[in-house]
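Student: Could you look at this predicted model? Sequence included:
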Amino acid sequence: TKKIIVLENKYFSDNKKVLVKTQFDDKDFKLPKVKLSESDRDLLERLLTGEFGSSYVGACLVAQSIKCAIVIDGYSSIKQLIIGMGYVGRTDIGKSQNAINAVKFIFDENALAVKHRLFYMCTEDYYNSNPNNFHSTQNEILQFENVKFFDRWN
């Protein structure tokens, strides 16, 4: 299988480019630069639009969650990541400018939404209405608008 996402380990995030501060900021957190193929970029921009395209910061948080999964879990395509991570955002839609800009910020500029790992997210309504859901077993890092973002405990 041809890898279409390339991890460029020699380039790391610019510590000055961070959108949101949290109480869990890790001053040493950084991610290597990841280069997307054109087809992965297109699919990612559509996915971000479906997940949180109404907000630039929200789209950046989701994009960083995706980048963490690529780097740490080794996903080699956005399609593979969607299946493996259980994303449900529509991808059969157009792209919002917020989503396009978020991909540029997180992937092309190698910036961070937060100085912490992110992997999972869910709405506050889902979280509160489903006691003992998967997300409740994870490490909550922040809530932005009505969406909670989580790291893994390990």
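Tutor: Done, it's in.
Student: can you pull out the helices in the chain?
Tutor: 38-52, 56-73, 78-85, 97-103, 124-129 (DSSP state H).
Student: who's in contact with the residue nearest to Val57 when sequence neighbours are not counted?
Tutor: Excluding the flanking residues, the one nearest Val57 by CB to CB, 6 or more residues apart in numbering is Leu19, at 5.7 Å. Quick note: C-beta positions are derived from backbone N, CA and C, even for glycine. Listed by CB atoms under 8 Å, 6 or more residues apart in numbering, the contact set of Leu19 reads Val57, Cys60, Phe105, Ala111, Leu112, Ala113, Val114.
Student: ok, the second one to Ile106 distance?
Tutor: This means Cys60. Here the criterion is CB to CB, to the nearest Å. By it, Cys60 lies 6 Å from Ile106.
Student: One more: the fifth one?
Tutor: Here Leu112 is placed at a distance of 7 Å from Ile106 (CB to CB).
Student: Comparing those two, which residue is more hemmed in?
Tutor: Of the pair Leu112 and Ile106, Ile106 is the one with more neighbours under other CB atoms under 10 Å, namely 28 against 25.
Student: Neighbours of the closest residue to the more buried one other than its chain neighbours, how many?
Tutor: Nearest non-adjacent residue to Ile106, counting by CB to CB, 6+ apart: Ala63, 4.0 Å away. When neighbours are counted by other CB under 10 Å, Ala63 registers 27.
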